[in-house]
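Participant: This is the structure alone, sequence omitted:
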């Protein structure tokens, strides 16, 4: 069997002589050519050259024509922001100012479709032994591009309008899938990452009725299909299978063994889930061999395609992908990788975050793959950015892109396992789910309230009145009570009348007033000597 035959057999859930390998090369193809991602995505010649370079260097059995989920959105009126090392990102949402009647299903001669379809035709002719994937944007993700995060509220407030938008997006997907099949693509991968943001009930209502006809249309043309999802979509795998694709493809957020078991019950093949950043981007060749052989061991020899969970990052070292291409073909390399698997070293962090979140301001951390390249990450960052002005200077927010080594260390220190994730004051709050505006506001306000309560608990005090039984002492106590009332505070007042106790304070006469303040300086840890010295200096002894 050649590479293409292996991929197609695996997608049909058949046993294969070896596991097929499909590196999802998009902007990484630009890196192989030494050009920017923007130049790459705007040139049929560069797309062909980049895909062919990946096929040859990585010994790929299959390859996507391109990996760009903004092609349809751009034609439909979304403005794009271009980057040097990432696919373009959606920057505007046309249905916020226009109506659905203003839009039309894209034609094959619109936008960037002509250059992508030209690249598909050339690759199909020049690489006949490689399975060619045509990627289309799934209805739910395309609806989010058109409507923005408002789509989540629309599911509750106006479900009929939401269905109308999704129905239009379904027609777009069917049309673009047809263009790719006409151009010679063997597999149509419907990429719908935003479905990871909803649960099974909403999936059945707002995804299943709109994606099932897409897979039916692909099947009617005699082609194979794959349902791509990323993020923490584990709860939806069963529902994804019920939409009847030929294949389910996942990323590292979901356990491969879990997906294998569910897909087996439905007679569907599956693929994934090489780790994009920690292993492929930042790891050594040995890490890639470990990860690959582990995936192969779980995936088995029937109905499994070895692949990363998403678009391979631009700066991924080619050597890390070359060893995987060698591994799938060489039993000796597989034996070496199994040995390496025994010596796995877990990712860890030496960051000390024990005092994290103790600032006066609330700290909001958004851990992402990269908001410029990942749709769920983009809209989670957008959710935080939109509510931040409500709190003025009371919060600090920042994005941690795990394409950066320091962010990987931060992610490990925070014990975050899935992206995108929002942490507030060091606590994991929203995992692979974009919160609504109200939810996020409530979560931040709750942390602000905690800080206020902690502040008042940290500084406690009392007033001692020494003396009693005389008019001056009584007047002193009355003045203290009045002062407390006028300030609107709660301070306990204690009267000390025992002469022996009064003598301990070494006052010359009564009435005498002593204020006592208690300040919590350390909780749950042993303070350093230098720190204690600073506290003692504050006492001015």
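Facilitator: Good, I have the coordinates. Nothing here was measured: the structure is a model prediction, and the numbers come from that model.
Participant: what's near enough to touch the spatially most central residue of the chain?
Facilitator: Nearest to the geometric centre of the chain sits residue 420, at 1.9 Å (CA atoms, centre = their mean). Going by CB atoms under 8 Å, 6 or more residues apart in numbering, residue 420 touches 231, 366-369, 374, 376-377, 380-381, 432, 434. C-beta: built from backbone N, CA, C; applies to glycine.
Participant: The longest helix belonging to the chain - contacts with which helices or strands?
Facilitator: When the chain is parsed with DSSP state H, its longest helix is helix 159-182. Using 3 or more CB pairs under 8 Å, 6 or more residues apart in numbering; DSSP states H and E as the contact definition, the elements that helix 159-182 packs against are helix 71-75, helix 113-126, strand 131-137, helix 139-147, helix 150-157, strand 187-191, helix 200-206, helix 208-220.
Participant: what pLDDT does the residue nearest to the centre of the chain get?
Facilitator: On pLDDT, residue 420 comes in at 90.
Participant: What values do phi and psi take at it?
Facilitator: phi -80, psi 150 (degrees, to the nearest 10).
Participant: how close does it get to residue 94?
Facilitator: 24 Å (CB to CB, to the nearest Å).
Participant: swap in residue 273?
Facilitator: In terms of CB to CB, residue 273 sits 34 Å off from residue 94.
Participant: just residue 364 next, same as before
Facilitator: 29 Å.
Participant: likewise residue 69?
Facilitator: 16 Å.
Participant: If you count surrounding residues, which of these two has more?
Facilitator: residue 69 (27 against 19; other CB atoms under 10 Å).
Participant: That one and residue 373 touch, don't they?
Facilitator: No. Here residue 69 does not reach residue 373: they are 9.7 Å apart, not a contact under CB atoms under 8 Å.
Participant: residues shared between the contacts of the two?
Facilitator: In contact with both residue 69 and residue 373: residue 87, using CB under 8 Å, 6+ apart.
Participant: so how many other residues sit close to residue 366?
Facilitator: Using other CB under 10 Å, residue 366 has 23 neighbouring residues.
Participant: so it sits in a strand?
Facilitator: Yes. Residue 366 sits within a strand when classified using DSSP: H, G, I helix; E, B strand; the rest coil.
Participant: wait, isn't residue 17 in contact with residue 9?
Facilitator: No. In this structure, residue 17 is not within contact of residue 9 by CB under 8 Å, at 9.1 Å.
Participant: shared neighbours of those two, anything?
Facilitator: Joint contacts of residue 17 and residue 9 (CB under 8 Å, 6+ apart) are residue 1.
Participant: Looking at those two now, which is surrounded by more residues?
Facilitator: Counted by other CB under 10 Å, residue 17 and residue 9 do not tie: residue 9 has more neighbours, with 18 against 10.
Participant: before we move on, which element is that one in?
Facilitator: helix 3-11 (DSSP states H and E).
Participant: other SSEs contacting the helix or strand just after that helix?
Facilitator: Next along the chain after helix 3-11, taking DSSP H and E as the criterion, comes helix 28-33. Applying 3+ CB pairs under 8 Å, 6+ apart, we find helix 28-33 packed against helix 37-41, helix 44-58.
Participant: In contact with the closest residue to residue 296 other than its chain neighbours, which residues?
Facilitator: Excluding its sequence neighbours, the residue lying closest to residue 296 (CB to CB, 6 or more residues apart in numbering) is residue 19, at 5.2 Å. The contact partners of residue 19, taken as CB under 8 Å, 6+ apart, are 10, 296, 299, 301, 304-306, 328.
Participant: Can you say which of those residues are buried?
Facilitator: If you count burial by 16 or more other CB atoms under 10 Å, the buried members of the contacts of residue 19 come out as 10, 296, 299, 304-306, 328.
Participant: now, among those residues, which is nearest to residue 196?
Facilitator: Closest approach to residue 196 among these (CB to CB): residue 305, at 19.9 Å.
Participant: so which helix or strand takes in the closest one?
Facilitator: Using DSSP H and E, residue 305 falls within strand 304-308.
Participant: Which residues does that strand contact?
Facilitator: 7, 10-11, 19-24, 62, 247, 249, 251, 260, 269-276, 280, 292, 295-296, 299, 324, 328.
Participant: next one: stretch 4-16
Facilitator: 1, 17-20, 22, 61-62, 128-131, 186-187, 224, 226, 246-247, 267-269, 271, 301-305.
Participant: Relative to residue 273, how far out is the closest residue to residue 3 other than its chain neighbours?
Facilitator: In space, not counting the residues next to it along the chain, residue 3 is nearest to residue 61; the distance is 3.2 Å by CB to CB, 6+ apart. Separation of residue 61 from residue 273 (CB to CB) stands at 17 Å.
Participant: higher neighbour count, the two?
Facilitator: residue 61 (31 against 25).
Participant: Run through the residues that contact that one.
Facilitator: 3-4, 6-7, 20-22, 130-131.
Participant: if we go to 6 Å?
Facilitator: Contact analysis of residue 61 by CB atoms under 6 Å, 6 or more residues apart in numbering lists 3, 6-7, 20-21.
Participant: Kindly report the same for residue 535.
Facilitator: Residue 535 makes contacts with residue 521, as judged by CB under 6 Å, 6+ apart.
Participant: what's stretch 377-385 in contact with?
Facilitator: Residues contacting stretch 377-385 (CB under 6 Å, 6+ apart): 89, 149, 364, 366, 368-369, 371, 397, 399, 420, 434, 440.
Participant: Domains in this protein, by residue range?
Facilitator: For the chain, automatic domain parsing gives the domain ranges 3-341, 362-435, 457-538.
Participant: Quick check: end-to-end length of the shortest one?
Facilitator: I take that to be domain 362-435. Length of domain 362-435, first residue to last, CA to CA, to the nearest Å: 17 Å.
Participant: Can you give the distance of that domain from its chain's centre?
Facilitator: 8 Å (CA atoms, centre = their mean, to the nearest Å).
Participant: what do you get for stretch 268-276?
Facilitator: Counting by CA atoms, centre = their mean, stretch 268-276 comes out at 17 Å from the chain centroid.
Participant: picking that back up, let's have the domains of the chain in a markdown table, adding distance to residue 450.
Facilitator: Shown next, in a markdown table, are the domains of the chain (distance: least, CB to CB, whole Å):
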| stretch | distance to residue 450 |
| --- | --- |
| domain 3-341 | 26 |
| domain 362-435 | 8 |
| domain 457-538 | 10 |
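Participant: out of those, nearest to residue 451?
Facilitator: Using CB to CB, these put domain 362-435 closest to residue 451, at 7.2 Å.
Participant: With adjacent residues omitted, what lies nearest to residue 154?
Facilitator: residue 162 (4.6 Å).
Participant: sorry, back to before: with distance to residue 102 and mean neighbour count as added columns, please give the helices and strands packed on helix 28-33 in TSV.
Facilitator: Shown next, in TSV, are the helices and strands packed on helix 28-33 (distance: least, CB to CB, whole Å; neighbours: other CB atoms under 10 Å):
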stretch	distance to residue 102	mean neighbour count
helix 37-41	26	21
helix 44-58	29	20
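Participant: Between those helices, which one is closest to residue 413.
Facilitator: If we rank the helices and strands packed on helix 28-33 by CB to CB, the stretch that ends up nearest is helix 37-41, at 30.3 Å.
Participant: Name the surrounding residues that touch the closest one.
Facilitator: Residues contacting helix 37-41 (CB under 6 Å, 6+ apart): 27, 30, 46, 68, 82, 85-86.
Participant: most surrounded residue in these?
Facilitator: residue 27 (28 neighbours).
Participant: Over whichever strand or helix holds residue 453, what's the mean pLDDT, rounded is fine.
Facilitator: Per DSSP H and E, residue 453 falls inside helix 437-458. For helix 437-458, mean pLDDT is 85.
Participant: before we move on, what about stretch 214-222?
Facilitator: Rounded mean pLDDT across stretch 214-222 is 98.
Participant: Next: stretch 338-349.
Facilitator: For stretch 338-349, the mean per-residue pLDDT is 63.
Participant: At which residues are the strands of the stretch 301-450 of the chain located?
Facilitator: 304-308, 362-368, 395-401, 421-424, 427-431 (DSSP state E, counting those that start in this stretch).
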